[in-house]
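Visitor: generate a structure from the sequence data that follows.
(one chain, ligands or ions: 1)
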Amino acid sequence: MRIDVLGVGFDNITMDQAVAEGVRLMDTAGAHYVVTPNPEIVETCRQDGEAMEAVNGADLVLADGIGVIYGAKLLGTPLKGRVTGIGFAQGLMERMAGNGRSLYLLGAKPGVAERAAENLARQYPGLQIAGTHDGYFSEDGPVTEDIRASGADVVFVCLGAPKQEKWMRRNGEAAGAHLMVGLGGCLDVFSGEVKRAPAVFQKLGLEWLYRLAANPSRIGRMVKLPLFLIHTAGERGRRR
Ligand code: UDP
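Guide: Residues are numbered from 1 along each chain as shown. Got it, this is the predicted structure:
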């Protein structure tokens, strides 16, 4: 059963359960996709019906972001814990490497996915890189054809939210991979372009603060966080 946080239904599972479910979906016929919403994306979904549909239509909705965990708790329906997109991706790649499965990397600025591919192939011996494509294209057709031709088992779709969620919903069948995962800025991290927050920030759930300090232009996006908390408090009042 999913836990509703302001209209987005989150799967109440641990990281290990999420990775096991990802592996199962990868081995199941059909096109499946995973989303990893944080409070900012929940707020975006409240304004954008297509984004809400794409997020709730996913096979797995993982709570990426400490704000979602607080929100669910405040609403009296706590989640088991945070399942970050990047942690999920790493767990999945470990399992894929063990079985020689193949991964396609889609998104980020030209050259970034290629550099990420080189690093990941080194970090996960056995993982096959099926192909890469940057995230700045105008037509979906040639991209889905390239993914289909690559025969990839899994695609990491890193186009930013809510573009990647809508893209996965629209293009899953055409691309032919059994599993797509929407991962925002992860290719920038895997390529070494952007550093992930130090462990202490990760532990405290303050990665967003580290990213803000490293890139102050993100401040405009941050206004959605207090909005999320205000809306959650309002919803709590209604539920009581
Ligand atoms: N991006 C893209 N195509 C676009 C817009 C964005 O490939 O049309 C990429 C962008 O280069 C970046 C990622 O999507 O690598 C979004 O990163 P951001 O840090 O905003 O995502 P978050 O992890 O915060 O969701």
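Visitor: can you give me phi and psi for residue 105?
Guide: In this entry, residue 105 is assigned phi and psi values of phi -110, psi 120 (degrees, to the nearest 10).
Visitor: now do the same contact list for it.
Guide: Shown in contact with residue 105 (C-beta atoms under 8 Å, 6 or more residues apart in numbering): 113, 116-117, 120, 129, 131-133, 155-156, 158, 187, 190. Every residue, glycine included, has its C-beta placed from N, CA and C.
Visitor: how many neighbouring residues does the closest residue to the ligand within the chain have?
Guide: Residue of the chain nearest the ligand, by C-beta to the nearest ligand atom: residue 135 (1.9 Å). Other residues within reach of residue 135, judged by other C-beta atoms under 10 Å, total 21.
Visitor: may I have the secondary structure class of it?
Guide: Taken by DSSP: H, G, I helix; E, B strand; the rest coil, the conformation at residue 135 corresponds to coil.
Visitor: rewinding a little: dump the contacts of residue 105 into JSON lines; add secondary structure and neighbour count as well.
Guide: Written out in JSON lines, the entries for those read as follows (DSSP: H, G, I helix; E, B strand; the rest coil; neighbours: other C-beta atoms under 10 Å):
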{"residue": "113", "secondary structure": "helix", "neighbour count": "25"}
{"residue": "116", "secondary structure": "helix", "neighbour count": "25"}
{"residue": "117", "secondary structure": "helix", "neighbour count": "21"}
{"residue": "120", "secondary structure": "helix", "neighbour count": "21"}
{"residue": "129", "secondary structure": "strand", "neighbour count": "19"}
{"residue": "131", "secondary structure": "strand", "neighbour count": "18"}
{"residue": "132", "secondary structure": "strand", "neighbour count": "24"}
{"residue": "133", "secondary structure": "strand", "neighbour count": "20"}
{"residue": "155", "secondary structure": "strand", "neighbour count": "32"}
{"residue": "156", "secondary structure": "strand", "neighbour count": "28"}
{"residue": "158", "secondary structure": "strand", "neighbour count": "28"}
{"residue": "187", "secondary structure": "helix", "neighbour count": "30"}
{"residue": "190", "secondary structure": "helix", "neighbour count": "28"}
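Visitor: with respect to residue 75, which of the residues you listed is nearest?
Guide: Taking C-beta to C-beta as the measure, residue 75 sits nearest to residue 158 out of the contacts of residue 105, at 29.9 Å.
Visitor: these two touch, right, the closest one and residue 185?
Guide: Yes. Using C-beta atoms under 8 Å as the test, residue 158 is close enough to residue 185 to be in contact (6.8 Å).
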